[in-house]
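**Student:** sharing a model prediction with you, sequence too.
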Amino acid sequence: MQSSLSDKLFAEAVQHIPGGVNSPVRAWKAVGATPRFIQRARGSTVVDVDGNVFIDYVGSWGPMILGHAQPQVLRAVQQALRDGTSFGAPTPREVEIARLLTAAIPSMERVRLVSTGTEASMTALRLARAFTSRQKTLKFDGCYHGHSDSLLVRAGSGAMTFGVPTSPGVSAAVAADTIVARYNDTATVIRVFREVGDQIASVIVEPVAGNMGVVPPAPGFLELLRDQTRLHGALLIFDEVITGFRLRYGGVQDMYGVRPDLTCLGKIVGGGLPLAAVGGRAEVMDQLAPEGAVYQAGTLSGNPLAVAAGLETLRHLTKPGVYERLEELGRRFHDGLEEVLRQRRVRACINRVGSMLTLFFGVDAVADADGARACDTELYARFFRAMLAHGIYLPPSAFEALFISLAHSEADIDQTVQAAAAALDSL
Ligand code: PMP
């Protein structure tokens, strides 16, 4: 078989770039394939360097809620571009986006712009440690908050839940300051707070999880986190890097009516350019330098092009009916897929919140990371490859959310459901 241009590029990429990619999941290892190199994208589709067109459900892992190459976003970036790409000095649009973010998410009285979600969550943890004069963080198995040292941690074995590094290079001492509990497990949260509550600076959580596949919070889970943190003097951090402006304009905190102390944003706020944010209570945020003593900085923070793309994207999301439309498309996808699975008696569970969805094969329900890990990843890998052959670009891992955008049409969804039927029949 003739090798594709993607295959050739990947063969060269691995000579120069570790694993051939600049972020691990892009290497498609989990689905036993070599990645397609993307040439361009528009609306709901991406086109690879060999000219293959795919309906895309990765959406750059979340940012592309308006679809790819949205004309108004491109225009806003082009306009900003004419004035220069970076100044390392304040710009008017930063004030505008800060005003917009704090109005959209009332728990964010102050906001600082950064370039990545990793920086946002790392800064949130540092702020919480400084504010409480405590060291420990409670996180949840299966939630991902970027790759800063203290968050690259998993649960230790045995009854105690102090973290151990998930990556070489993370010091055991740093990892030990992170406690890991099961998502949706309220009893463990209560126990951890009873045992070491006076040492916990913050609890960080994806309020709707997207990084073990989609897992919604059980009723009362977020409320319990709010109650326990308040009771024990810890801060509650919602990592809304995926969910902010994805599920609702005001984020998950607006959906569930739970107000965190700090919020991390990313992805959609930059409209596909590198922009993220951390925000929250003024008295916590005002600890940041130069107002306060907690150090945080960034050469490209609040980059003019990224802010222009973010502003245009957020403005679009204030239009009436936008989230109803995403829900409608999500439901159509969900219902169609469910029917295809039912007809074929394929055991699977679909977790969906709005326009985020994960199909877990081989399990009936997934409420935490153990549940997600029980799914049939081998079947997902075969399904992924079959879908690709039918022109559908799904997340290249069983533990990721797929994202529907406003650029997807009913016809796209129906074509995808038909492809799923054909793909399952071919396995
Ligand atoms: N938090 C969450 C919930 C995320 O999904 C991610 C990235 N997928 C991050 C933080 C880290 O963001 P970044 O990749 O921009 O560093």
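**Tutor:** On my side now, so go ahead.
**Student:** for the residue in the stretch 151-300 of the chain positioned nearest to the ligand, what are its contacts?
**Tutor:** Going by C-beta to the nearest ligand atom, the ligand is nearest to Val241 of the stretch 151-300 of the chain, at 3.5 Å. C-beta here means a position set from N, CA and C on the backbone, and glycine is covered the same way. Val241 makes contact with Gly62, Gly117, Ala120, Ser121, His145, Gly146, Cys264, Leu265, Gly266, Lys267, Ala276 under the criterion C-beta atoms under 8 Å, 6 or more residues apart in numbering.
**Student:** the third one and Val269 touch, don't they?
**Tutor:** No. Contact between Ala120 and Val269 fails when scored by C-beta atoms under 8 Å: they sit 9.7 Å apart.
**Student:** identify the contacts common to the two.
**Tutor:** Common neighbours of Ala120 and Val269 (C-beta under 8 Å, 6+ apart) are Ala276, Ala277.
**Student:** who in this protein is up against the ligand?
**Tutor:** Counting by C-beta under 6 Å from any ligand atom, the chain comes close to the ligand at 61, 116-118, 121, 144-146, 206, 210-211, 239, 241-242, 266, 276.
**Student:** hmm, try it at 5 Å
**Tutor:** The chain comes close to the ligand at residues Thr116, Gly117, Thr118, His145, Gly146, Glu206, Asp239, Val241, Ile242, Gly266, as judged by C-beta under 5 Å from any ligand atom.
**Student:** keep only those of the contacts of Val241 that are in helices.
**Tutor:** Counted as lying in helices by DSSP state H, out of the contacts of Val241, are Gly117, Ala120, Ser121.
**Student:** from Ile237, how far off is the second one?
**Tutor:** According to C-beta to C-beta, to the nearest Å, Ala120 and Ile237 sit 10 Å apart.
**Student:** how about low-confidence regions in the stretch 1-150 of the chain?
**Tutor:** For the stretch 1-150 of the chain, the stretches flagged by pLDDT under 70 are 1-2.
**Student:** repeat the analysis, applying 90 as the threshold.
**Tutor:** 1-3 (pLDDT under 90).
**Student:** show me the helices in it, by range?
**Tutor:** Ranges of helices within the stretch 1-150 of the chain are 5-16, 71-82, 92-104, 117-132, based on DSSP state H, counting those that start in this stretch.
**Student:** same list, the ones you listed, but as CSV with mean neighbour count please.
**Tutor:** Formatted as CSV, the helices of the stretch 1-150 of the chain follow (neighbours: other C-beta atoms under 10 Å):
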stretch, mean neighbour count
helix 5-16, 14
helix 71-82, 15
helix 92-104, 16
helix 117-132, 24
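**Student:** can you tell me the SS state at the residue of the stretch 151-300 of the chain closest to the ligand?
**Tutor:** coil (DSSP: H, G, I helix; E, B strand; the rest coil).
**Student:** so what does it have for phi and psi?
**Tutor:** phi -60, psi -40 (degrees, to the nearest 10).
**Student:** so who does the residue in the chain positioned nearest to the ligand touch?
**Tutor:** As assessed by C-beta to the nearest ligand atom, the ligand sits closest to Gly117 within the chain, at 2.2 Å. By C-beta under 8 Å, 6+ apart, the contact list for Gly117 reads His145, Gly146, Asp239, Val241, Cys264, Gly266, Lys267, Ala276.
**Student:** number of nearby residues for the nearest residue to the last one once chain neighbours are set aside?
**Tutor:** Distances taken as C-beta to C-beta, 6 or more residues apart in numbering put Gly266 closest to Ala276, at 3.6 Å, once the chain neighbours are dropped. If you count neighbours by other C-beta atoms under 10 Å, Gly266 ends up with 28.
**Student:** sorry, back to before: make a markdown table out of the contacts of Val241 and add distance to Gly330.
**Tutor:** Formatted as a markdown table, the contacts of Val241 follow (distance: C-beta to C-beta, whole Å):
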| residue | distance to Gly330 |
| --- | --- |
| Gly62 | 14 |
| Gly117 | 23 |
| Ala120 | 26 |
| Ser121 | 26 |
| His145 | 25 |
| Gly146 | 26 |
| Cys264 | 23 |
| Leu265 | 21 |
| Gly266 | 21 |
| Lys267 | 17 |
| Ala276 | 24 |
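**Student:** okay if I get the helices of the stretch 1-150 of the chain as a markdown table plus distance to Pro219?
**Tutor:** Shown next, in a markdown table, are the helices of the stretch 1-150 of the chain (distance: least, C-beta to C-beta, whole Å):
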| stretch | distance to Pro219 |
| --- | --- |
| helix 5-16 | 45 |
| helix 71-82 | 37 |
| helix 92-104 | 25 |
| helix 117-132 | 26 |
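**Student:** overlap in contacts of Ala120 and Ile237?
**Tutor:** Common neighbours of Ala120 and Ile237, using C-beta under 8 Å, 6+ apart, are Cys264.
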